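Visitor: quick one, fold the following:
(chains A and B)
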Amino acid sequence: MKRVNPKLITVPLEFKIACTIYKLDIQEVLQIFINHVTLYDSICPFYNEGFSEATRPINIYVRSDRKKVKESKALLHCNDLAVNCIKGIVELAKKKTGQCRVKRKKSLFYVDSLHQIMKRTYVPSDTIYLDENTPLHLTKNYSVLCELHNRYPKEYLEHFMNMVSLADFHARLGLNMDHTNLLMVLFMKIANGFDRDSSEILQLTDMELDFYERLEELRLEIYNIRDLGERTAVLKDFYLSHYQQINP
Amino acid sequence: MLCTIYQIKPELLIQQFVDQVSFPGFYSNPNGSSKWATYFFLNFLDREESKYEVDRELENHYLSIFNSTLLKLVKMGGDNAIPESAGRKVMNDWLKAVLADRTRYITDNL
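Guide: Take a look at the predicted model:
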């Protein structure tokens, strides 16, 4: 079994490329993701923008690794209390009346309790570091969801980042394929201004302007490439070379 | 309005455009000066899906042949006319297949 270094967060290249192209700050994107992973939304069957895109894939992710579906180590000692808290949240989530925003806020009462009673096993602190100068603040919801499923905080973050590929997204878009990758949908929402101040007027260099112009042309030119893999490869190369020009 | 100011016969402009839309022409020489007409066409295909219909199976099949034909010939270098006319042949085959498919629908129902 590979030893996981829980402190070292690996930011995949494709993610860096995507953030570069949309001129996003990695820390900001990750923080928005963290802020939208909640216990309430992992149970609530209704759609809530941002929250569903962040939380549902995490649900799928924790269930995908059969070996790890064990009882929460952090909550073992207080099983009854934990179960009651979760029951409380389930009741709130399944209620058909009431605004989701309000119900999510009410669920914080239970999340708070879980956060207090859990024995910190995988989440020693509510702050983790991307690098020594870049902290990420873990919400109580996030921390509880980590301990609940015996996962380190970085695991959810890395899963999110691993699902982000601009080349794949744009290739599928051009071929009119469905977006089933919710985490990529979330990323694009953030790129388009979700939950952040995107009113700042961007100063683009000549090289960047050339790139965006060429990007528009390229996306039209590849109309004749109908194979998803080939199309993705063309875009991937193009985005990579742009990234390498900016970050030599 | 622009045509009046610049004293251009609209039909001339449109004819110019129509003459320059060409997959073989464009893909054998993507940097040519008449690329804009094809870009316009491709943009239309990209954005106005509700305004046209195409048999995707045939499209995928023939575009794939088109691509590999052009790729092979463009790589060999030299005159653009060779890949262009090879591409034109593929387009003609595609047209025949599309027409055959459409008339078959009619004749099948007789």
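Visitor: for residue A:199, helix, strand, or coil?
Guide: Per DSSP: H, G, I helix; E, B strand; the rest coil, the local secondary structure of residue A:199 is coil.
Visitor: the residue nearest to the spatial centre of chain A: what's it in contact with?
Guide: Taking CA atoms, centre = their mean, the centroid of chain A lies closest to residue A:160, which sits 3.9 Å from it. Residue A:160 makes contact with A:30, A:33, A:54, A:57, A:183, A:186, according to CB atoms under 8 Å, 6 or more residues apart in numbering or on different chains. All C-beta atoms are positioned from the backbone trio N, CA, C, and that covers glycine.
Visitor: just the element for residue 57, please.
Guide: Let's take chain A. According to DSSP states H and E, residue A:57 maps onto helix A:51-64.
Visitor: switch to chain B, that's the one I care about
Guide: With DSSP H and E as the criterion, residue B:57 is inside helix B:56-75.
Visitor: related to what we said a few turns ago, in the contacts of residue A:160, find the pair that's most separated.
Guide: A:30 and A:57 (14.7 Å; CB to CB).
Visitor: near chain B, which residues of chain A?
Guide: A:174, A:176, A:217, A:219, A:220, A:221, A:223, A:224, A:225, A:226, A:227 (CB under 8 Å from any CB of the partner chain).
Visitor: in PyMOL, select just the buried ones from those residues.
Guide: Here is the PyMOL command that selects the buried residues among the residues of chain A next to chain B (16 or more other CB atoms under 10 Å in any protein chain shown):
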select buried, chain A and resi 174+219+220+221+223+224+225+226
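Visitor: just the ones of the residues of chain A next to chain B in helices?
Guide: Per DSSP state H, helices hold the following members of the residues of chain A next to chain B: A:174, A:217, A:219, A:220, A:221.
Visitor: which of those residues sit farthest apart?
Guide: Of all pairs in those, the most separated under CB to CB is A:174 and A:217 at 13.1 Å.
Visitor: single out whichever of the residues of chain A next to chain B has the smallest pLDDT.
Guide: Lowest pLDDT among the residues of chain A next to chain B: residue A:176, with 87.
Visitor: put the alpha carbons of stretch B:19-33 into CSV.
Guide: Output of stretch B:19-33 as CSV, limited to C-alpha atoms (Å, rounded to 0.1, in the frame of the first residue of the first chain):
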residue,chain,number,x,y,z
ASP,B,19,-17.3,30.5,-53.6
GLN,B,20,-14.9,30.5,-50.8
VAL,B,21,-16.7,28.1,-48.4
SER,B,22,-14.8,24.9,-48.9
PHE,B,23,-13.6,22.1,-46.6
PRO,B,24,-11.0,20.8,-49.1
GLY,B,25,-9.8,24.3,-49.8
PHE,B,26,-9.6,25.3,-46.2
TYR,B,27,-8.1,22.1,-44.7
SER,B,28,-5.4,21.9,-47.4
ASN,B,29,-4.4,25.4,-46.6
PRO,B,30,-5.8,26.7,-43.2
ASN,B,31,-3.8,29.9,-43.5
GLY,B,32,-5.1,31.0,-46.9
SER,B,33,-6.7,34.3,-47.4
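Visitor: one step back: from the ones in helices among the residues of chain A next to chain B, pick the one nearest chain B.
Guide: residue A:220 (4.1 Å; CB to the nearest CB).
Visitor: now do the contacts for that closest one.
Guide: B:39, B:42, B:43, B:46.
Visitor: please repeat the previous calculation with a cut-off of 10 Å.
Guide: When contacts are counted by CB atoms under 10 Å, 6 or more residues apart in numbering or on different chains, residue A:220 is found next to A:174, B:38, B:39, B:40, B:41, B:42, B:43, B:44, B:45, B:46, B:47.
Visitor: ditto for residue B:41
Guide: Per CB under 10 Å, 6+ apart, neighbours of residue B:41: A:220, A:223, B:17, B:20, B:21, B:22, B:23, B:26.
Visitor: leaving out sequence neighbours, find the closest residue to the first one.
Guide: What that stands for is residue A:220. residue B:42 (4.1 Å; CB to CB, 6 or more residues apart in numbering or on different chains).
Visitor: residue B:26 is in contact with the one you found, correct?
Guide: Yes. Under the criterion of CB atoms under 10 Å, residue B:42 makes contact with residue B:26 at 8.5 Å.
Visitor: packing partners for the longest helix along chain B?
Guide: Looking across chain B with DSSP H, the single longest helix is helix B:81-108. Using 3 or more CB pairs under 10 Å, 6 or more residues apart in numbering or on different chains; DSSP states H and E, the elements in contact with helix B:81-108 are helix B:23-28, helix B:56-75.
Visitor: for the residue lying farthest from the centre of chain A, give me its contacts.
Guide: What lies farthest from the middle of chain A is residue A:224; by CA atoms, centre = their mean that is 32.7 Å. Listed by CB under 10 Å, 6+ apart, the contact set of residue A:224 reads A:231, B:23, B:26, B:27, B:42, B:59, B:62, B:63, B:64, B:66, B:67, B:70.
Visitor: tell me how far it lies from residue A:173.
Guide: 16 Å (CB to CB, to the nearest Å).
Visitor: need the residues of chain B near chain A, please.
Guide: Applying CB under 10 Å from any CB of the partner chain, one finds that chain B approaches chain A through B:23, B:26-27, B:30, B:35, B:38-47, B:49, B:56, B:59-64, B:66-67, B:70.
Visitor: if we use 8 Å, what do you get?
Guide: Residues of chain B lying near chain A (CB under 8 Å from any CB): B:23, B:27, B:30, B:39, B:42-43, B:45-46, B:49, B:59-60, B:63-64, B:66-67.
Visitor: buried subset of the residues you listed as a PyMOL selection?
Guide: In PyMOL, a selection of the buried entries from these looks like this (16+ other CB under 10 Å):
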select buried, chain B and resi 23+27+39+42+63+64+66+67
